[in-house]
Structure formats: C-alpha cells, structure tokens
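Novice: with the sequence up front, the predicted model follows.
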Amino acid sequence: MILGVVKLSKKLFTNEEIRILSQNKYVKNISSKGNTYSDEFKMLFINENEKGKFPREIFSECGFDINILGIERVKSAGKRWHSTFHRNGISQLQDTRKYNTGRPSERDLSIEEKYEKLQAKLKLLQGENELLKKLEMIERCVIKGNLK
C-alpha cells in the first residue's frame, strides 16, 4: 500500500542557516538536508491552522525565517501535518523515532513487561493531555488579553 510520495526539498541549509534555525525553541533537530520540529510546535500549528491561519503566518509568528526554510518546505509540512491530523488524530503527529529501536520483538512479553509498556504509554498520554491543557489555557489568556 502506497501512502504517498514525499518530495524532498533540494535546498540544503548552510552552516549559518543551521545555526539560526537551531536557536528556535520549536526545532528539535536540524541538518543540512532538513529539520525536525517539536511535537509542541506541530500541535500548536494544527491548533492555529484550524482557526484559519495560513502555514506561512504560523511559522513566522513562531520565529521561523521563511526565506531560510523556503515556502515549499513550509507548505508541505503544513499539508502533511494537516492530513495526518485529520486522518489519524493528534497522537500521530508525534515523532516516534525515539521510541522505535528497530525491528519489533518477536517473543511474547511477560505480564510484567506488558504492564511496564502500558505504564509508559499511560505516562506519555498523560503528558500529552497536560500539554494540551497548557495550550488551551494560553489560548484562553490570549483571547481574553491576559497574557503577559
């Protein structure tokens, strides 16, 4: 089953551009070929995009230089996150590479191991819920004009 083709940008970041982009709090990782955005930024992006803001506007407001990133990179990230969110929900926007350590284990897990995995998943979901609550609280403060 083919899920889609990702057209990679041909623009490579210079060392200076990498230095500038890496200072943004929403950049998780960066190389000359591309960057990884934080899960927080992806959730913020979806929230703002659902309110009608354009990808370029959201990236700019979050401190990204569109001239460095390139408008195509901004548009494609926005389309990718938007379709992923509407197809699979907010949890699918998370960068799961830190949890995937290669091929899945083929052996059966013990009850204790299953319990530990479920506990880890529960903590992750609780963390997500806390982040969403904080974003909602910030949003309310911005709407009321109480953000200092």
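Specialist: Sure, I can see it.

Novice: so which elements touch the top helix by length along the chain?
Specialist: As assigned by DSSP state H, the longest helix anywhere in the chain is helix 111-144. With contacts taken as 3 or more CB pairs under 8 Å, 6 or more residues apart in numbering; DSSP states H and E, helix 111-144 sits against helix 39-50. C-beta here means a position set from N, CA and C on the backbone, and glycine is covered the same way.

Novice: what about Glu112, how many neighbours?
Specialist: Here the number of neighbours of Glu112 (other CB atoms under 10 Å) works out to 8.

Novice: scratch that, Phe45
Specialist: The tally of other residues near Phe45 (other CB under 10 Å) stands at 23.

Novice: grab the nearest non-local neighbour of it.
Specialist: Leaving aside its sequence neighbours, Phe45 sits nearest to Ile58 (CB to CB, 6 or more residues apart in numbering; 5.4 Å).

Novice: buried ones in the helix or strand containing the one you found, by neighbour count?
Specialist: Ile58 is part of helix 55-61 when elements are defined by DSSP states H and E. For helix 55-61, the buried set under the neighbour-count rule, 16 or more other CB atoms under 10 Å, comprises Pro55, Ile58, Phe59.

Novice: list the contacts for the residue lying closest to the last one once chain neighbours are set aside?
Specialist: Right, the one you point to is Phe59. Of all residues not flanking Phe59 in the chain, Val74 sits nearest, at 5.1 Å (CB to CB, 6+ apart). The contact partners of Val74, taken as CB atoms under 8 Å, 6 or more residues apart in numbering, are Pro55, Arg56, Phe59, Phe64, Ile66.

Novice: no further questions, thank you.
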